[in-house]
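K.L.:
Dropping a prediction and its sequence here:
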Amino acid sequence: MADVRAVDGTYISHPFIEEGDTETKVYNMVCTQLATDYEASQVDLDTPMASANAAGVIELPFTPDVEAYYVGDTNHAPLDGGMLSFTRTFSNIPKPTIEDSGSSFVTFPGFQESSYSGNETITITGLSMTLGDRGIIVQTQSTHGYAVGGRIYIRASYTVDTDPFIHSLGSYFQILETPSTTTFRVDIGAYWDDQVDLFLIDGSVTDSNRGRVQASINTAIQTRYNYILPGVTPGITIPTDIEVPPAFQPVQQNSGETVKELVWSYAPAGVYFQTIPTMEEYETMIANKHHIVVESSLTTWAGNILVLQTKTCKAR
């Protein structure tokens, strides 16, 4: 009774199966031992579950797993006869996972006005949608000259079918398609389960070359989880070896100071410095749907296994 014995209630869990990780296992051994013989340091943290002796038990209730590491004893509770019950846990290092994390307001950089003149503001004459197609089609009164991947500012009000509620737009959007010189497709974040009619009240569109100020926009967030065990994960010996990704921050090329607005590489009139990235580079990031870091953190997951959480969103 002085030795640690795994008893009924012992089980293996798969904590990340909903995230698509079917490989990561957590071994939970419900154990008993005389309370007077229990020592918190019986097994060193990070010890692989290679054998019963390594796990500090009389008999191992699982097939040995050298990629499962000791993360601690929990749930200590006294039993009759001077015995002690506790759960001894070994865990694989979880696989990286990515999950959708709702939305959050993210501050995106502003744009300096282009030194060349873009299109004038154009009147919108109609809106329409096709079930199954992403976004809506915008009809313009005159030729727009926009290209796929470009950014435009839309101000519009409309209703849907017979619903009197008035929807209003007033933001920047990316061109997804240009079916003609007087139509283009954008995703405004409105989605329907059936084909509907959109009735325009009024609206206009302006080329984004006219610039924008730094903007806080509600956008979809993804979180990546990377699990790290110092001393086991390649290249990481101690926790301070881990580089926590910094948030995306445009800077002035010469001074390194953060900036609120990006500039064009050919330096519009009155602009005497360069930004990293330039406006052209950031436009490419938007067009290629690059993700930028919103925030990140490093915390303990279990035992000495750490989790690096990195929140990202698409550049806008």
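P.N.:
Yep, that arrived. Note that this is a predicted model, so its numbers are computed, not measured.

K.L.:
how about low-confidence regions in the stretch 201-316 of the chain?
P.N.:
Scanning the stretch 201-316 of the chain for pLDDT under 70 picks out 208-211, 264-273.

K.L.:
redo that, cut-off 90
P.N.:
Counting by pLDDT under 90, the stretch 201-316 of the chain shows low-confidence ranges at 206-217, 251-290, 315-316.

K.L.:
Need the nearest residue in space to Phe165, chain neighbours excluded.
P.N.:
Closest residue to Phe165 apart from its sequence neighbours, by Cβ to Cβ, 6 or more residues apart in numbering: Thr159 at 6.7 Å. Heads up, the C-betas are built off the backbone N, CA and C, glycines and all.

K.L.:
That neighbour sits in which helix or strand?
P.N.:
Per DSSP states H and E, Thr159 falls inside strand 151-160.

K.L.:
Tell me the first helix or strand C-terminal of that strand.
P.N.:
Next in sequence after strand 151-160, counting helices and strands by DSSP H and E, comes strand 163-174.

K.L.:
At the geometric centre of this structure, which residue do we find?
P.N.:
With distances taken as Cα atoms, centre = their mean, Gln222 lies nearest the centre of the chain, 2.1 Å away.

K.L.:
was I right about it contacting Gly102?
P.N.:
No. The pair Gln222 / Gly102 is not scored as a contact, 10.0 Å apart, by Cβ atoms under 8 Å.

K.L.:
Tyr172 bridge partners, please.
P.N.:
For Tyr172, the beta-bridge partners are Tyr153 (DSSP bridges).

K.L.:
any idea how far it lies from Gly149?
P.N.:
For Tyr172, the distance to Gly149 (Cβ to Cβ, to the nearest Å) stands at 13 Å.

K.L.:
Which one of the two is surrounded by more residues?
P.N.:
Tyr172 (18 against 13; other Cβ atoms under 10 Å).

K.L.:
so the more buried one touches Gly150, yeah?
P.N.:
No. Counting by Cβ under 8 Å, Tyr172 sits too far from Gly150 to count as a contact (10.5 Å).

K.L.:
which stretches of this protein form helices?
P.N.:
Assigned by DSSP state H, the helices in the chain fall at 52-55, 279-287.

K.L.:
Pull out the buried positions in the last one.
P.N.:
Of the residues in helix 279-287, those buried by neighbour count under the rule 16 or more other Cβ atoms under 10 Å are 279, 282-283, 285-287.

K.L.:
how far off strand 163-174 does it point, in degrees?
P.N.:
130 degrees (axes from the mean of the first three to the mean of the last three Cα atoms, to 10 degrees).

K.L.:
what residues does helix 279-287 touch?
P.N.:
Contacts to helix 279-287, defined as Cβ atoms under 8 Å, 6 or more residues apart in numbering, come from residues 109, 111-112, 149-151, 174, 250, 262-265, 277, 292, 314-316.

K.L.:
re earlier: how far away is the residue nearest to Phe165 from Ser128?
P.N.:
In this view, Thr159 and Ser128 are 13 Å apart by Cβ to Cβ.

K.L.:
can you list residues touching both of these two?
P.N.:
Here Thr159 and Ser128 have Leu198 as joint contacts, going by Cβ under 8 Å, 6+ apart.

K.L.:
mind checking how far Gln42 is from Asn92?
P.N.:
Using Cβ to Cβ, we find Gln42 at a distance of 21 Å from Asn92.

K.L.:
So between those two, which is more surrounded?
P.N.:
Neighbours were counted for Gln42 and for Asn92 using other Cβ under 10 Å; Asn92 has more, 22 against 15.

K.L.:
That one against Phe16, yeah?
P.N.:
No. Assessed by Cβ under 8 Å, Asn92 is found out of contact with Phe16, at 9.9 Å.
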